[in-house]
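>>> need the 3D shape of this:
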Amino acid sequence: MEETPDFDAVRLPDGDIVVRRRPSFAAGEFARTYYEDGRQRDLGIALEVPCAVDGAACATIYWTTDATEAEYRLMPTHGLKLGVASPQRRARTVGSVKWWLAARQVRMPRPTRRIDGSTVAGS
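Next comes the predicted model:
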């Protein structure tokens, strides 16, 4: 079975943002638990607000134990990184199946067209 991404907001190739719909009590409890787990491990944590859904900020929390990935994401080794998109982009919520399809679409390689018109595999 394919691994699901560890994030709830997905930016599609066309620029739209979709957010996995979760009950507010479940989302809040998950966020608290996930943040506290990263804090207790003394890791760098990224708290980001990439978009708004129905007029409310959509926040994501991310941490990793992989130092290289943390560098790629410009995250601190310890402490908190806060990022807020400006202007705030609007997103739409989708159910689990549509979100999984959107996340998979983002990860799929897309063909790239060369200047001479030939097609090569994308990354």
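>>> low pLDDT regions in the protein?
1-7, 107-123 (pLDDT under 70).
>>> after the strand ranked longest in the chain comes which helix or strand?
For the chain, the strand that runs over the most residues, judged by DSSP state E, is strand 79-90. Sequence-wise, the next helix or strand downstream of strand 79-90 (DSSP states H and E) is strand 92-94.
>>> contacts for that following strand, please.
16-21, 53-54, 102 (CB atoms under 8 Å, 6 or more residues apart in numbering). The C-beta positions use only the backbone N, C-alpha and C, and glycine is treated the same way.
>>> report all helices and strands that the helix or strand following that strand contacts.
Moving toward the C-terminus from strand 92-94, the first helix or strand encountered (DSSP H and E) is helix 96-107. Counting contacts by 3 or more CB pairs under 8 Å, 6 or more residues apart in numbering; DSSP states H and E, helix 96-107 is packed against strand 9-11, strand 17-20.
>>> to Ala59, which of the ones you listed lies closest?
Set against Ala59 and scored by CB to CB, these come closest in strand 9-11, at 9.2 Å.
>>> if we can go back for a sec, nearest to Arg39, out of the helices and strands packed on helix 96-107?
It's strand 9-11; of the helices and strands packed on helix 96-107, that one is closest to Arg39 (CB to CB) at 21.4 Å.
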